[in-house]
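In: Let me see the structure of the following:
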Amino acid sequence: MTASLLPPPPSFRHGLANLMASLAGARGHAGLPCPPLPELPPADLAPARHLVLLVADGVGEAQLRAHLPGGLLDRARIATLESVFPSTTASAVGTFLTGLPPGQHGLTGWHVWFSAIASQLAVLPLARRGIRGPAPEAEDWAQRLLDAPPLADRLPCPMEIVSPAWIVDSPFNRRLSGRAKRTGYRALPEMFAVIETALRAPEPSYIYAYWPDFDSKAHDAGPDGPAAVAALHELERELAAFLGRVQGTDATLLVTADHGFIAAPAERLIDLGGAPELAALLACPLSGERRAAYAHLKPGCREAFRAGIEARYGHALWCVDSDNLLADGWFGPPPYHPDLRNRIGDLTLLLREDWTLRDRLPGEDDYRLAGMHGGVSTAEREVPLCRFDLSRFDLGAGANPRSAPGR
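Out: Okay, the predicted model is just below:
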């Protein structure tokens, strides 16, 4: 399989890193590496006293169009953006909290190989593979390994991070929040109540809010399952109630997502345990994602692994030199994180269509996920950008007067 058959790399002129450049520029920091979004010039956002970014985890363009057509968010959509690569929370949240593309913040997926400790960690909980919950070393690892500068420490204005109570003070969140104020919430109505309180502050600010409920339900039952769709409708209802309370506030609310979703049929899951001759060529377990996996090979085993994986699974994946992905700009522009090359391994396995891939360690839970992301499909990569200018928003009209159709 050749790299020429791949979709193009993500845009770093019309993606999440550009959104962050627009927001940071509007709050007085113009030093981020990617240019601002053409649809969102910093000068256009700057007059608002408060800027709010709400990240609805997993609510991609496909989900918005399928389940909320003509709804509040759909009518306020001003653009369709591209997620980062891989199209997953760890990499995208790294961009939201630092303003940097993945190649610069170095968070390359759910599982990351950290050469400094010669270990692979689930980076958000800072846990070793196969062991539930944060490791005893998580606090130390957060300080040593999460070395990208927090955006909050570079903004010349207050920043508040609004996250679920169970993650707001995690080592990962505290490290990349920098000096931002952190506020936890327990349910969606409380999240909006926290934002409403923050909008009463007299000084200009930037508020980042994160809502994970759709993502968790989409993983469990699929992005089109009743529980996931119900979460989307709850978001619209609570958003409408919030907008009704804050109409006339000197603030702009932007809503986007870290990635979209696809359904992942159980019969399209490849378990590398079924190919022990290939697993034996790995120097460590696969890292990254089930839809974009990095293979670190034992010395001299690269071509044998490539030939074997393509012969056995070429119908389901592309096998690409990781160096080629780097050169083609999949991780964004340089300068790259000093450990990036080690983290992306020798070869990257990119899953086609709705295929997923895993290798499972002894004792590791047999997770069967009905919905997935992290790959290169349009549904995983495209996310909406919705805008509400609260000072002139009319809930009765149902949409932001500035809204325009997206790309």
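In: wait, is residue 91 part of a helix?
Out: Yes. Under DSSP: H, G, I helix; E, B strand; the rest coil, residue 91 falls within a helix.
In: how about it, what does it touch?
Out: Residues near residue 91 by CB atoms under 8 Å, 6 or more residues apart in numbering: 84, 85, 102, 107, 108, 109. In this view, the C-beta of every residue, glycine as well, is placed from N, C-alpha and C.
In: same check, this time on residue 58
Out: With contacts defined as CB under 8 Å, 6+ apart, the neighbours of residue 58 are 214, 215, 218, 223, 257, 258, 259, 260, 261, 371, 373.
In: what ranges of the chain fall below the confidence cut-off?
Out: 1-4, 396-407 (pLDDT under 70).
In: which residue lies farthest from the center of it?
Out: residue 300 (34.2 Å; CA atoms, centre = their mean).
In: Let me know the secondary structure of it.
Out: From three-state DSSP, the assignment for residue 300 is coil.
In: likewise residue 325?
Out: helix.
In: how close does it get to residue 351?
Out: Residue 325 sits 14 Å away from residue 351, taking CB to CB, to the nearest Å as the criterion.
In: Settle it for me: which of those two has more neighbours?
Out: residue 351 (26 against 22; other CB atoms under 10 Å).
In: related to what we said a few turns ago, which of the contacts of residue 58 fall in strands?
Out: residue 371 (DSSP state E).
In: Please indicate which of the contacts of residue 58 are buried?
Out: 214, 215, 218, 223, 257, 258, 259, 260, 261, 371, 373 (16 or more other CB atoms under 10 Å).
In: hang on, the second one packs against residue 88?
Out: In other words, residue 215. No. The pair residue 215 / residue 88 is not scored as a contact, 10.1 Å apart, by CB atoms under 8 Å.
In: the helices in the stretch 201-350 of the chain, which residues?
Out: Secondary structure of the stretch 201-350 of the chain (DSSP state H, counting those that start in this stretch): helices at 213-221, 226-246, 276-279, 302-313, 322-327, 340-343.
In: how many degrees apart are the first one and helix 226-246 in direction?
Out: If I follow you right, that is helix 213-221. 170 degrees (axes from the mean of the first three to the mean of the last three CA atoms, to 10 degrees).
In: which residues touch residue 128?
Out: Under the contact definition (CB under 8 Å, 6+ apart), the residues listed for residue 128 are 119, 120, 121, 122, 135.
In: Count the residues that sit near residue 174.
Out: Residue 174: 18 neighbours (other CB under 10 Å).
In: Kindly confirm whether my reading is correct that it touches residue 142.
Out: Yes. Using CB under 8 Å, residue 174 is in contact with residue 142, at 7.1 Å.
In: Name the nearest residue to residue 166, sequence neighbours excluded.
Out: Spatial nearest neighbour of residue 166, excluding adjacent residues (CB to CB, 6 or more residues apart in numbering): residue 184 at 7.8 Å.
In: Does that neighbour fall in a helix, a strand, or a coil region?
Out: Residue 184 ends up strand, using three-state DSSP.
In: Give the burial count for it, as a bare number.
Out: 17.
In: what sits opposite it in the beta ladder?
Out: Per DSSP bridges, the residues bridged to residue 184 are residue 163.
In: Contacts only, for it.
Out: 162, 163, 164, 165, 166, 168, 169 are the contacts of residue 184 under CB under 8 Å, 6+ apart.
In: Lovely, talk soon.
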